[in-house]
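[1] sequence? don't have it. structure:
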């Protein structure tokens, strides 16, 4: 079930909120069981065939936890290792089997027929959460977990599909907090406001930008240099507002239920270097990779060469985690190299004026996001091979690509307010306005964690108008990008 859908907004969310606080009257356990049931409905609504996978994963990890929670014993570390490897193997089989089978056929010129496996929704997120649960349980970072809390931790619907990757301790304590079982109207107001603003980012910005991006990658023959630059910039903003919008919506929904999710997104395009960027983008993934991979490998304690090797390992894993495609591996490797370069030369880089540092980083992000978005290396090389500097002129911009911005509601307004202006001119104006708005939001506007949430009539009216505009546009809403991870 998507957050940006009629069924979620008009039925699921109000029923879940009312039902949860009503059922809490019958005891803490009853409320948790209700949330588990609601989360099962949320996940199964969109991926019923995959629900058995997440159930099997929970059974396996719960059995492993019964052994590792003792922390003492001859075979405990072996069982922990088996549990971690089982999670990794599950991720590999469902997410990478199709890719490797295709590559084997291609490499050895075989025509082997294989059964394609459906990738369970959010498998990367719930698998990393389970690994975190096992390791933290072994280390004794939380008291013994109850089965109800564990199941709710894995399935909790605001985070099960696209994160954040929360720790068991930070969630379980909230599930057991009796003060959070009563409705808090201030939290409801804050959560709804954050949810609606996140929906605006997703529906009115990310999904509109995706129309340009999808047109470009579906019509590679038109991807000359100016069109590629437009698509590159649009995807840089699309993935920002898609992910930022999801994070806001997830945090907002959880807040309505008096649950605090960890911050996963903190205005990353304000960063001026690659190190700062990864402290702001997908914060919980960075935290997971640092805690469970980088530090156990030795971190920066074993000398410069080992540190750079550890950094590269972490970023390659990050790339592979995103999907079974060589483009993700290249994207991860480039970010790893950039991170190593910064570590080596930071004392000189930090002396460069901040605006130049920011411009260099933003250019790097545009290029690497373009690689990230490409369907394959072959598609990417086909696009790049067609670039010619002499075409770097507005006359070579594909009109059809920019016409994707002319949504029905905008076309209606254009016909009413600008009857003498051609659609081409309107589309160019819309694109320029859209990019300016995107820059202003990512660089100047405070994010939802920073700004003050004012509860007054003007705010209520503005949010109501924004909500209406978003719901009108639900018909053209795309899935969240991070759902596929």
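    Perfect, thanks for sending it. Bear in mind that the values here come from a model prediction, so they are computed numbers and not experimental data.
[2] My read is that residue 467 contacts residue 196, right?
    Yes: if you go by C-beta atoms under 8 Å, residue 467 and residue 196 touch, sitting 5.2 Å apart. (Each C-beta comes from the backbone N, C-alpha and C, glycine too.)
[3] avg pLDDT for the host helix or strand of residue 246?
    Secondary structure assignment for residue 246, by DSSP states H and E: helix 225-256. Average pLDDT, helix 225-256: 94.
[4] Can you tell me which helices and strands that helix packs against?
    helix 13-23, helix 185-200, helix 207-218, helix 354-373, helix 399-403, helix 423-443 (3 or more C-beta pairs under 8 Å, 6 or more residues apart in numbering; DSSP states H and E).
[5] Of all these, which one comes closest to residue 270?
    Among the helices and strands packed on helix 225-256, the nearest to residue 270 by C-beta to C-beta is helix 423-443 (6.2 Å).
[6] Name the next helix or strand downstream of that closest one, please.
    Going down the chain from helix 423-443, the next helix or strand is helix 457-472, by DSSP H and E.
[7] hmm, back to that, quick check: which of the helices and strands packed on helix 225-256 is nearest to residue 162?
    Taking C-beta to C-beta, helix 185-200 is the member of these nearest to residue 162, at 11.9 Å.
[8] now that closest one, how far from the chain's geometric center?
    Here helix 185-200 is found 19 Å from its chain centre; the criterion is C-alpha atoms, centre = their mean, to the nearest Å.
[9] Equivalent analysis for stretch 448-457, please.
    How far stretch 448-457 lies from its chain's middle: 24 Å, per C-alpha atoms, centre = their mean.
[10] same check, this time on stretch 359-369
    For stretch 359-369, the distance to the chain centre is 19 Å (C-alpha atoms, centre = their mean).
[11] That one: which residues count as buried?
    361-362, 365, 368-369 (16 or more other C-beta atoms under 10 Å).
[12] Give me the contacts around that stretch.
    Identification of contacts with stretch 359-369 by C-beta atoms under 8 Å, 6 or more residues apart in numbering yields 232-233, 235-236, 239, 269, 271-274, 277, 331, 334-335, 338.
[13] Could you pull up the mean pLDDT of it?
    Taken as a whole, stretch 359-369 has a mean pLDDT of 97.
[14] and what of stretch 131-140?
    94.
[15] Same list (the helices and strands packed on helix 225-256) but as TSV, adding distance to residue 162.
    Below are the helices and strands packed on helix 225-256 laid out as TSV (distance: least, C-beta to C-beta, whole Å):
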stretch	distance to residue 162
helix 13-23	17
helix 185-200	12
helix 207-218	15
helix 354-373	16
helix 399-403	28
helix 423-443	20
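[16] Where does the prediction get shaky in the stretch 51-200 of the chain?
    Judged against pLDDT under 70, the low-scoring parts of the stretch 51-200 of the chain cover residues 107, 109, 111-115.
[17] in it, which spans are helices?
    51-68, 76-107, 123-139, 147-155, 168-175, 185-200 (DSSP state H, counting those that start in this stretch).
[18] Most remote residue from the middle of the protein, which is it?
    Centroid-distance maximum for the chain: residue 420 at 41.9 Å, with C-alpha atoms, centre = their mean.
[19] can you pull the pLDDT of it?
    pLDDT for residue 420: 70.
[20] Equivalent analysis for residue 476, please.
    Taking residue 476 on its own, its pLDDT is 64.
[21] got the angle between the helix holding residue 246 and helix 207-218?
    140 degrees (axes from the mean of the first three to the mean of the last three C-alpha atoms, to 10 degrees).
[22] what distance separates the helix or strand just after helix 225-256 from the centre of its chain?
    The helix or strand immediately downstream of helix 225-256 is helix 274-280, counting by DSSP H and E. Taking C-alpha atoms, centre = their mean, the mean C-alpha location of helix 274-280 is offset from the chain mean by 16 Å.
[23] and what of stretch 43-50?
    Its chain's C-alpha centre and that of stretch 43-50 lie 19 Å apart, by C-alpha atoms, centre = their mean.
[24] hang on, the earlier thing: out of the helices of the stretch 51-200 of the chain, which one sits most buried?
    Across the helices of the stretch 51-200 of the chain, the average number of neighbours (mean count of other C-beta atoms under 10 Å) peaks for helix 123-139, which reaches a mean of 23.
[25] Centre of the chain to that helix, how far?
    Taking C-alpha atoms, centre = their mean, one finds helix 123-139 lying 18 Å from the centre of the chain it belongs to.
[26] try stretch 63-80
    Mean-position distance between stretch 63-80 and its chain equals 32 Å (C-alpha atoms, centre = their mean).
[27] and if you look at stretch 407-422?
    From the chain centre to the centre of stretch 407-422 is a distance of 34 Å (C-alpha atoms, centre = their mean).
[28] ok so, going back, between the helices of the stretch 51-200 of the chain, which gets nearest to residue 257?
    Shortest distance between residue 257 and the helices of the stretch 51-200 of the chain, using C-beta to C-beta, is found for helix 185-200: 8.0 Å.
[29] tell me which strands and helices that closest one is in contact with?
    Helices and strands touching helix 185-200, by 3+ C-beta pairs under 8 Å, 6+ apart, are helix 225-256, helix 457-472.
[30] Give me whichever of those is most buried.
    helix 225-256 comes out most buried of these by mean count of other C-beta under 10 Å, with a mean of 24.
[31] starting at the chain centroid, how far to that helix?
    Distance of helix 225-256 from its chain centroid, counting by C-alpha atoms, centre = their mean, is 9 Å.
[32] can you check stretch 464-484 too?
    Between the centre of stretch 464-484 and the centre of its chain there are 16 Å (C-alpha atoms, centre = their mean).
[33] dump the residue contacts of residue 61.
    83, 87, 130, 133-134.
[34] Apart from its neighbours in sequence, what residue is nearest residue 91?
    For residue 91, ignoring the flanking residues on the chain, the nearest one in space by C-beta to C-beta, 6 or more residues apart in numbering is residue 127 at 4.8 Å.
[35] wait, that neighbour sits on residue 90?
    Yes: judged on C-beta under 8 Å, residue 127 makes contact with residue 90 at a distance of 6.4 Å.
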